[in-house]
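Peer 1: Give the three-dimensional model of this entry:
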Amino acid sequence: MHPRDRTPWVAPPPPLVPALLDPLAGACVAVADTDGVTLDVRTAAGRTGTLRLRPATGNSLRITLRLDGVPTTPRVSVVTAPATTGCLVERSPDTLTLRLDALRLDIHLSPLALELTDPHLRQATDVSDPSGRRTVLPLGVTELADGQPAYHDSWFTEPDEHFYGLGERFTGPDLRGQRVDCWVEDAQGSTGTRSYKAVPFLLSSRGYAVLVDTTAAASFDLAHHNTGAWSLTVPDEELDYYLITGTPGECLRTYRDLTGPALLPPQWAFGPWISGGFCRDSAREVRERARRIRELGFPCDVLHIDTYWQRPGCWSDMEWDAEAFPDPQGLVADLAGQGFHVSLWMNPYLSVDSPHFAEADNNGWFLHTASGGTWIGQVWGGAHPDSAVLDLTHPGAADWLRGRVRRVLATGVSVLKTDFGEAVPVAAVAYNGMTGDRLHNLYPLLFNDLVAEVTREVAGHGLTWGRSTWTGGQRHGAKWTGDPDASWQDLASTLRAGLSLSFSGHPFWSHDIGGFHGTPDPELFARWAQFGLMSPLSRFHGMTSRLPWDFGEEAYAAVLHAARLRRSLLPYLHSAAADAVRTGEPLARPMALDHPDRPDAHAADLQYLLGPDLLVAPLYAPGGRRQVWFPPGEWLPYAGSGGPIAGPAWRRVRIPLTAAPLWLRAGAHVL
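Peer 2: Here you go, the predicted model:
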């Protein structure tokens, strides 16, 4: 019972009401060859099905379980396994051993259980309490009260094992002890358990990872109900997941191989972005901001114009407000002449008050209810009229939105901020037959794919600045971590959420410097700006002004110093970003990524390496002091004050307001 649980406009995942737990009870070999192993299986209740174990890459194995008689419904695979990987299968009376280049799995047939050799990982098949009640979900299926299946599997965990990934997690990157639902939601802030970005990719400190191929609400119990095991539950027509081995970096490379590389943003995108904020705007005010930025010599490469480039209350129409912006093409050209790129806000919903609503509704371009009517609901936190959600599986709706995006970009705009996308209700039905339980998590990919496609066509790149995403969303480039409050607590949870994204295969993230809601005090603003300007991407944005000179001379001097520092680091950042795309590893590297065997690295979840050689430890409380864990090696304060620090070691450091919280690896050349 919590106030956040009663938020009416957050589209929740479908409730899973169990009716019958039905674990696998027996198996026999149908096929065993270089393509893998296929087992005919039966459940305790006598249902039959197929369990397939196939090589995907040299260090990953695809595990698929499907019961007979489960209807096939429209669904989309978000993982693409290479087709050329083979394996060696060895047989004995009760065991098959499946060998890949960097993976060995033993398949015990009686009773059925899987066991990974290196790292040693055993399936948890029959774990019960003293009364004989199961305490983990074994490999099998639970029939739900509505007749649909929910597949599950469990593996034993070690007492010192840590779990990472699963998207953007404001609760912290280390997820041990938590139960996490991978379901894209409007998080309504940055201090709760909801997430705008969910990725069913779980990374263990023990040398393995799991990637589930689904768009349904995959759930992970990470030593939560039973501290000795972790479980996954997938309410889909089949269980389809990849078991990956290797270091965290190697597992992230395999995630890249299976889901595609990240988009490398254009070089200008790595410079500071400045927004006029979520408030009324006009061409005159945008020009004044541009003039002021250049007059002060504040580094800025992108000017962002938020919702108010459109008419008030018409934020879904993708049309310039002719009164406030009478000559948008001329404005964009003037800004380009001063060295600015322009970013605009957009979303995939249409208000019932929009002049385009009737056309879209008559053409069937919205998601529908099960009875065939247009789904209309509250998607704006209760503050605006009801809206409908464009059905991007409908060719007509997709073409209509492409046309509107194309027309806006044709004015010279460089990039679009793709806001929202989390509102698809479970009960919705799409043109292609998908229901909301499958479409909900897929929708942000469809939305960003469409905008990226047109952006690539018109602007020559595919970058979008998105809020929500799913598996594979790294192909859109930039993500920002939603709508934090202007508080120290939200700064810390935003930092942790970004590092969680780093563990989830999404290397380029950002956040609203200063927080979105409220107005930060000068110290908080300066410290958040130092963090933001040392993040993979950097943007000033909020409900009120985030213009750096609006927070007093002392804070402005600190922010200007950090912005100029970022400018000097751009060649280093461009190189490190290209490496991130090539390897699948993140630009902001959590401590546990490179040091999974060091307990201190797991505890140091409020700092990171930016690229290989810069240690960033943002201030997350007032007063200018914090504990920093220095990794192995020698570290130098970037400004030359203080002596070198030899790691691994914890140190309590003092960081003056005018100094960025940054250390350089001794011998590295980054400035």
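Peer 1: give the contact list for H541.
Peer 2: Residues in contact with H541 (Cβ atoms under 8 Å, 6 or more residues apart in numbering) are W273, S275, G277, F278, H304, D306, D512, I513, F516. For the C-beta atoms, the positions are set from N, CA and C on the backbone; glycine is no exception.
Peer 1: Check the spacing between it and E422 real quick.
Peer 2: 19 Å (Cβ to Cβ, to the nearest Å).
Peer 1: now T658
Peer 2: Taken as Cβ to Cβ, the span from T658 to E422 is 39 Å.
Peer 1: So between the two, which is more surrounded?
Peer 2: E422 (25 against 16; other Cβ atoms under 10 Å).
Peer 1: Assess the claim that the more buried one and S468 are in contact.
Peer 2: Yes. Using Cβ atoms under 8 Å, E422 is in contact with S468, at 4.9 Å.
Peer 1: For those two, list the residues in contact with both.
Peer 2: With contacts defined as Cβ under 8 Å, 6+ apart, the residues shared by E422 and S468 are V184, Y196, P444.
Peer 1: What about the last one, how many residues nearby?
Peer 2: This means P444. Applying other Cβ under 10 Å, we find 26 other residues in the vicinity of P444.
Peer 1: could you check the distance from it over to L392?
Peer 2: 10 Å.
Peer 1: Give me the residue ranges of the stretch 1-150 of the chain where confidence is low.
Peer 2: 1, 6, 8-9 (pLDDT under 70).
Peer 1: how about the strands in it?
Peer 2: With DSSP state E, counting those that start in this stretch as the criterion, the stretch 1-150 of the chain has strands at 18-33, 36-43, 48-57, 60-67, 88-91, 95-100, 103-109, 112-116, 121-122, 140-144, 149-156.
Peer 1: Kindly report the same for the stretch 201-350 of the chain.
Peer 2: Using DSSP E, counting those that start in this stretch, the strands of the stretch 201-350 of the chain run over 201-204, 208-212, 219-222, 229-234, 239-245, 273-275, 302-305, 341-346, 349-351.
Peer 1: Strand partners (parallel or antiparallel) of the fourth one?
Peer 2: Which is strand 229-234. Within its sheet, and counting by DSSP bridges, strand 229-234 is paired with strand 149-156 (antiparallel), strand 219-222 (antiparallel).
Peer 1: angle of the first one against strand 208-212?
Peer 2: It stands for strand 149-156. Here strand 149-156 points in a direction 180 degrees away from that of strand 208-212 (axes from the mean of the first three to the mean of the last three Cα atoms, to 10 degrees).
Peer 1: Show me how far strand 149-156 is from its chain's centre.
Peer 2: 23 Å (Cα atoms, centre = their mean, to the nearest Å).
Peer 1: Now do whatever helix or strand comes next after that strand: which elements does it pack against?
Peer 2: Downstream of strand 149-156, the first helix or strand assigned by DSSP states H and E is strand 163-165. When contacts are defined as 3 or more Cβ pairs under 8 Å, 6 or more residues apart in numbering; DSSP states H and E, strand 163-165 packs onto strand 201-204.
Peer 1: averaged over its residues, what pLDDT does the strand it packs on have?
Peer 2: Taken as a whole, strand 201-204 carries a mean pLDDT of 98.
Peer 1: And that strand, how far out from the chain middle?
Peer 2: Computed by Cα atoms, centre = their mean, the chain-centroid distance of strand 201-204 equals 13 Å.
Peer 1: Likewise for stretch 485-502?
Peer 2: On the basis of Cα atoms, centre = their mean, the separation between the geometric centre of stretch 485-502 and that of its chain is 13 Å.
Peer 1: now stretch 535-544
Peer 2: Worked out by Cα atoms, centre = their mean, stretch 535-544 lies 17 Å from the chain centre.
Peer 1: ok, now stretch 127-138?
Peer 2: Counting by Cα atoms, centre = their mean, stretch 127-138 comes out at 34 Å from the chain centroid.
Peer 1: Ends of it, what's the gap?
Peer 2: Using Cα to Cα, to the nearest Å, one end of stretch 127-138 lies 8 Å from the other.
Peer 1: Next, the buried residues of that stretch.
Peer 2: Buried residues in stretch 127-138, counted by 16 or more other Cβ atoms under 10 Å: V127, V136, L137, P138.
Peer 1: Please list the outside residues in contact with that stretch.
Peer 2: Contacts of stretch 127-138 (Cβ under 8 Å, 6+ apart): 21, 23-24, 124-126, 152-154, 221, 225-226, 228-229, 231, 233.
Peer 1: Out of those, who's the most crowded?
Peer 2: Going by other Cβ under 10 Å, D153 tops the contacts of stretch 127-138 with 26 neighbours.
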